[in-house]
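In: Give me the fold of what follows.
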Amino acid sequence: MKLLKSLLSGTAMFLVLVVFLAAWIALPWPALLGLAVLFALWMLLARSGRQAASVTRVGVSTLAQRLGGSSVVVIGIAGVVGVLVALLAMGEGYRHTVGNSGNDETAIVLRGGSSAELMSVLDREAITVIERAPQIARDGEGRPLASAELLVAANLPLRGGEDDGSVTLRGVGPMAWAVRPNIRLVAGRQFQPGRRELVVGTGTQRQFAGLEVGKSVRLGNEPWEVVGVFESGDSMESEMWADAEIVATTFRRGSSRASVVARLTGTRDFDAFKATLAADPRLKVEATTTREYFQRQSEGMAKQLRIIGIVVGSIMAIGAVFGALNTMFASVASRAREIATLRAIGFRGMPVVVAVMLETMLLAATGGVLGGLLAWLIFNGYTASTLAGGVAQLTFEFKVTPGLLWEGLKWALAIGFIGGLFPAVRAARLPVTEALRAA
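Out: Numbering: from 1, shown residues only. Below you'll find the model as predicted:
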């Protein structure tokens, strides 16, 4: 009978954990705030709630006497939250940099079946047909605002080391600047057509050596002069731009191009533009808005970085849970007489459970806030780079958002709940006479 009772009790606690974690993950913050308000009202108005508040005050007032054990919980959870938020901030920064590179006013056209520009090839005839689409905007001279572009991967020495890294070299024409008005020169000038000149993004300049204005680098066994530096606030900053004809000649790409980027007459004209291209039997192409294209490009890497963050955070969280369990079990053991006395004078088991849980959650919340603050101070705006599309390096900044800080705090409180539940139940079940004799 005793074994059955123990089994049922263990099953009930497991179900409580599962329900709590599922609700904690699924419920939005307004719902969680509402539950917190209801819990506060219970502690203010109900007799058992007031008892729980009294026991909690006593426990919190003795935290200074248990500073060592309490610090283990706080520091352990702060470490979990700090690492978790930092890794998630990496994925968020990558997604923000790549995903915000496009807009709904411009379209990108690739060869049918191509998932990225580096895999696409468009011949000259197809480019000419695309540029004649009536949905493409014109400049003051009636020329279509369409840029046929070529992408190649080039190797350059990285800063601070002897190793080489891969960088995207984009071959463009004069229309590339008109199609992307967010591109602005911050140093030097634009490259001149027909010359081996480069304009480099600020991210590329930070990542690779020898890209200051006036210096020369070797690409495709040919010397190229850096004549300008540009900013864009998106993934284009990780590229180098040069004249498309010179790039094609140097890297033996002939007259083909990888893509056509076009500014449309309006955001509502994309469907008509896509239909025009699909109706032409000479074309086997796919068109998307640049916003959709870059968002698709960012999904895979951002998801991988998030998975890595959650896996690493989960492994560290297991250690933090055991730390919280040890600390709270020790706390319950040291307060056995106090808890037994409260039970003897009429306090029920529920207030004791709630009090121990609240004490653990307070330590967990402190650790969560500390870890989130450290992650924000150290990593927010930190510049890093990674391979984009497995070919060239993309420079981006870590982005610690309020959403990630909230997610880190939720992890901290979940660890505190798990670490405090079992000691709390043990404290409530401890027989009064046994506790008094042990003390």
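
In: Could you use CA atoms for every contact and neighbour count after this?
Out: Noted.

In: how about Thr168, secondary structure?
Out: Secondary structure, DSSP: H, G, I helix; E, B strand; the rest coil: Thr168 is strand.

In: tell me the centre residue of the protein?
Out: Glu92 (2.3 Å; C-alpha atoms, centre = their mean).

In: Tell me the confidence at that one?
Out: On pLDDT, Glu92 comes in at 86.

In: other SSEs contacting the helix or strand where it lies?
Out: Using DSSP states H and E, Glu92 sits within helix 67-99. With contacts defined as 3 or more C-alpha pairs under 8 Å, 6 or more residues apart in numbering; DSSP states H and E, helix 67-99 has these neighbours: helix 290-334, helix 349-379, strand 392-397, helix 402-429.

In: With respect to the ones you listed, which exhibits the lowest mean confidence?
Out: Averaging pLDDT over each of those puts strand 392-397 lowest, since it has a mean of 72.

In: What ranges does the stretch 101-250 of the chain have for its strands?
Out: 106-111, 146-157, 164-172, 184-188, 197-201, 216-219, 222-231, 239-243 (DSSP state E, counting those that start in this stretch).

In: And the contacts of the last one?
Out: To tie it back to what came earlier, the one meant is strand 239-243. Where contact means C-alpha atoms under 8 Å, 6 or more residues apart in numbering, the residues beyond strand 239-243 that reach it are 167-173, 191-201, 203-204.

In: what separates that strand from the chain centre, distance-wise?
Out: 28 Å (C-alpha atoms, centre = their mean, to the nearest Å).

In: Identify the bridge partners of Arg263.
Out: Thr106 (DSSP bridges).

In: Tell me who's in contact with the residue lying closest to Val312 once chain neighbours are set aside.
Out: Distances taken as C-alpha to C-alpha, 6 or more residues apart in numbering place Leu84 nearest to Val312, at 7.3 Å, with adjacent residues excluded. If you count contacts by C-alpha under 8 Å, 6+ apart, Leu84 has them with Gly309, Ile310, Val312, Gly313, Gly408.

In: Can you pull out the low-pLDDT segments for the protein?
Out: The chain contains residues with pLDDT under 70 at 1-10, 13, 161-162, 331-347, 349, 386-393, 427-428, 430-439.

In: Try it again at 50.
Out: Applying pLDDT under 50 to the chain flags residues 390-391, 439.

In: Just the buried ones from the contacts of strand 239-243?
Out: Among the contacts of strand 239-243, the ones that count as buried by 16 or more other C-alpha atoms under 10 Å are 167-173, 191, 196-201, 203-204.

In: Span of stretch 264-278 from start to end?
Out: Start-to-end span of stretch 264-278 (C-alpha to C-alpha, to the nearest Å) is 16 Å.

In: any idea how far that stretch is from the chain center?
Out: The chain centroid and the centroid of stretch 264-278 are separated by 32 Å, computed with C-alpha atoms, centre = their mean.

In: returning to that earlier point: from the buried ones among the contacts of strand 239-243, pick the one nearest Ala324.
Out: Gly203 (42.9 Å; C-alpha to C-alpha).

In: Who are the contact partners of the closest one?
Out: With the criterion set at C-alpha under 8 Å, 6+ apart, Gly203 makes contact with Glu237, Ser238, Glu239, Leu394, Thr395, Phe396.

In: what about it, distance to Gln297?
Out: From Gly203 to Gln297 the distance is 18 Å (C-alpha to C-alpha).

In: try Gln192
Out: Taken as C-alpha to C-alpha, the span from Gln192 to Gln297 is 31 Å.

In: same question, Met90
Out: Counting by C-alpha to C-alpha, the gap from Met90 to Gln297 is 16 Å.

In: These two: which is more packed in?
Out: Taking other C-alpha atoms under 10 Å, Met90 and Gln297 do not tie; Met90 has more neighbours (27 against 17).

In: pretty sure the more buried one is in contact with Gln304, am I right?
Out: No. Counting by C-alpha atoms under 8 Å, Gln304 is not a contact partner of Met90; they are 10.6 Å apart.

In: what comes up buried for stretch 123-139?
Out: For stretch 123-139, a neighbour-count test (16+ other C-alpha under 10 Å) marks Ala126, Ile127, Ile130, Glu131, Ala133, Gln135, Ile136, Ala137 as buried.

In: The closest residue to Gly254 other than its chain neighbours: neighbour count?
Out: Of all residues not flanking Gly254 in the chain, Ala248 sits nearest, at 5.8 Å (C-alpha to C-alpha, 6+ apart). Ala248 has 19 neighbours, counted by other C-alpha under 10 Å.
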